[in-house]
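**Student:** Sharing a model prediction with you, sequence too.
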There are 2 protein chains.
Amino acid sequence: MRANYREQLDTISAELIEMSNLVGTAMALATQSLLDADISLAEQVINNDEAVDHLNQELEDKCFNVTALQQPVATDLRTTMSGLRISASLERMGDLAAHVAKQARLRYPNQSVPAELRATFARLGSLCQEVVAKVAAVIETRDVTLAADIRRYDDEIDRLHRELFTVVLSPTWSHGVEAAIDVTLLSRYYERFADHGVTISRRVIHIVTGEPYGEIDIDLL
Amino acid sequence: MRANYREQLDTISAELIEMSNLVGTAMALATQSLLDADISLAEQVINNDEAVDHLNQELEDKCFNVTALQQPVATDLRTTMSGLRISASLERMGDLAAHVAKQARLRYPNQSVPAELRATFARLGSLCQEVVAKVAAVIETRDVTLAADIRRYDDEIDRLHRELFTVVLSPTWSHGVEAAIDVTLLSRYYERFADHGVTISRRVIHIVTGEPYGEIDIDLL
């Protein structure tokens, strides 16, 4: 029974890592669909989001069942209870990747992003990859020092997000209101995606250390 | 011990209701600060968000402790585990109300919202009040048929959100890019706020019925 119990806990972590990989791939492909105005790729990302939703549901059931049947305590209980919230964050990250792809689809066959901002969005996309790679690593290894890396990527994403505001509001912006709104919303999707990465890393710190979530200061790591 | 246990579960519900009331008030005042360009009211909403964050932290600890110490099963375990997620949604709703207030503060002493859209934002604000009132009621009474009302308010908010897109993208829009972005982001905050209300009502249905969250279809109520 106890071996089975340990396996069940490991499965929760394994599925969270799988979800991380799925939403990482989703954001990479969504960014590509955006930059290439590739509608079939966009559709693929949108359709694949169901798999993330399904995994989230499965994880929710699993966390509930392990808690109900095994009555874990301490670190193990934090694993099942925080697992629920980590899974919710990953599910939302999948939604945000799908939002990027929907934006690409909405403007197809046109580009959502003006030529001079393509490099910024490519950078946002790759920073989100880095965030997700570290999220998966921190869940797998429980090496909480990785959270500081996630915070650094998030800071750069926040900086790019603010920079894009300045660009669309500059008097030299020549692409009109629609493109300005597209850029603003897209940028916000990337920014929120990375925020969830930070949240997850704080949740893992909570699992490992038992420190109250609200008092975790990643910058002190 | 069991009486104490029952009390602890009741406290979780009571605090969720208290949080609902706080975020409802926050969104009402944020909307007023937006429509009146009232910076001191906006500051108040922004500062008060800490109380919501604090309650969220307290609830998280409480849900964890009740689960660890009392080892609840069935409905009671769903109460503590879903309580965590409901609390997270409410905390996010508080953030969104604060975002509205921050927008009012950002443009002060100017108005963020052009005169002809003030009525729409007033309506969005009062619909969000209705959502929160029903959220509190559904948590308190566990009368899951109230979820259908929340869904109806959410549908109207979605409709207004889409309508605002049409307005800012219309060729007759005369307020420039900045105001268009302000309106779009603000509208999104209200829309997300209401979405969380729908999510919470589905979570309460899950607590009451045990039906898997992913399979709950409020429209069938």
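**Tutor:** Everything's here; your move. Please read these numbers as outputs of a predicted model, since none were measured by experiment.

**Student:** so what's the backbone phi/psi at A:Val167?
**Tutor:** The phi/psi pair for A:Val167 (degrees, to the nearest 10) reads phi -60, psi -50.

**Student:** Show me which residues of chain A are close to chain B?
**Tutor:** Within reach of chain B by C-beta under 8 Å from any C-beta of the partner chain, chain A has these residues: A:53-54, A:56-57, A:60-61, A:63-64, A:67-68, A:71, A:73-74, A:77-78, A:81, A:84-85, A:88, A:165, A:168-169, A:173, A:176-178, A:180-181, A:184-185, A:188, A:212-214. Placement of C-beta: from N, CA and C, glycine included.

**Student:** buried subset of these?
**Tutor:** A:56-57, A:60, A:63-64, A:67-68, A:71, A:77-78, A:81, A:84-85, A:88, A:165, A:168, A:173, A:177, A:180-181, A:184-185, A:188, A:213 (16 or more other C-beta atoms under 10 Å in any protein chain shown).

**Student:** Please flag which of these sit within helices.
**Tutor:** A:56-57, A:60, A:63-64, A:67-68, A:77-78, A:81, A:84-85, A:88, A:165, A:168, A:177, A:180-181, A:184-185, A:188 (DSSP state H).

**Student:** all helices of chain A, in order?
**Tutor:** Under DSSP H, chain A gives helices at A:2-36, A:39-70, A:74-107, A:118-141, A:146-169, A:176-209.

**Student:** Turn the ones you listed into TSV, including mean pLDDT.
**Tutor:** Output for these, formatted as TSV (pLDDT from 0 to 100):
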stretch	mean pLDDT
helix A:2-36	95
helix A:39-70	96
helix A:74-107	96
helix A:118-141	98
helix A:146-169	97
helix A:176-209	96
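
**Student:** Show me how far stretch A:96-116 is from its chain's centre.
**Tutor:** Centre-to-centre, stretch A:96-116 and its host chain are 18 Å apart (C-alpha atoms, centre = their mean, to the nearest Å).

**Student:** typo on my end, it should be stretch A:5-16
**Tutor:** Distance of stretch A:5-16 from the chain centroid (C-alpha atoms, centre = their mean) equals 20 Å.

**Student:** Please spell out which residues along that stretch are buried.
**Tutor:** A:8-9, A:12-13, A:15-16.

**Student:** swap in stretch A:183-197?
**Tutor:** A:183-197.

**Student:** and of the residues you listed, the nearest to B:Ile139?
**Tutor:** A:His196 (25.0 Å; C-beta to C-beta).

**Student:** from what I can see A:Pro114 touches A:Ala180, true?
**Tutor:** No - A:Pro114 is not in contact with A:Ala180 according to C-beta atoms under 8 Å; the separation is 9.7 Å.

**Student:** what residues are up against the closest residue in space to A:Asp38 that isn't next to it in sequence?
**Tutor:** The shortest distance from A:Asp38 to any non-neighbouring residue, by C-beta to C-beta, 6 or more residues apart in numbering or on different chains, is to A:Gln32 (6.7 Å). Contacts for A:Gln32 (C-beta atoms under 8 Å, 6 or more residues apart in numbering or on different chains) come out as A:38, A:41, A:125.

**Student:** how many neighbours does the first one have?
**Tutor:** Right, the one you point to is A:Asp38. Counted by other C-beta atoms under 10 Å in any protein chain shown, the residues lying close to A:Asp38 total 18.

**Student:** confidence score at it?
**Tutor:** Note for A:Asp38: predicted pLDDT of 98.

**Student:** With A:Leu221 instead?
**Tutor:** 67.

**Student:** Also A:Gly214?
**Tutor:** A:Gly214 is given a pLDDT of 77.

**Student:** Could you pull up the residues touching the residue nearest to it when sequence neighbours are not counted?
**Tutor:** Closest residue to A:Gly214 apart from its sequence neighbours, by C-beta to C-beta, 6+ apart: B:Gln57 at 3.9 Å. When contacts are counted by C-beta under 8 Å, 6+ apart, B:Gln57 touches A:212-214.

**Student:** Closest to chain B out of these?
**Tutor:** Comparing these against chain B with C-beta to the nearest C-beta places A:Gly214 closest, at 3.9 Å.

**Student:** I figured A:Val23 hits A:Arg92, correct?
**Tutor:** No - using C-beta under 8 Å, A:Val23 makes no contact with A:Arg92, being 9.0 Å away.

**Student:** between the two, which one's more packed in?
**Tutor:** A:Val23 (32 against 19).

**Student:** List the contacts of that one.
**Tutor:** Applying C-beta under 8 Å, 6+ apart to A:Val23 gives the contacts A:52, A:90, A:93-94, A:97, A:132.

**Student:** now these in TSV, with neighbour count?
**Tutor:** Shown next, in TSV, are those (neighbours: other C-beta atoms under 10 Å in any protein chain shown):
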residue	neighbour count
A:Val52	23
A:Leu90	30
A:Met93	31
A:Gly94	26
A:Ala97	31
A:Val132	30
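
**Student:** Can you tell me which of those is nearest chain B?
**Tutor:** Using C-beta to the nearest C-beta, these come closest to chain B at A:Val52, 11.6 Å.
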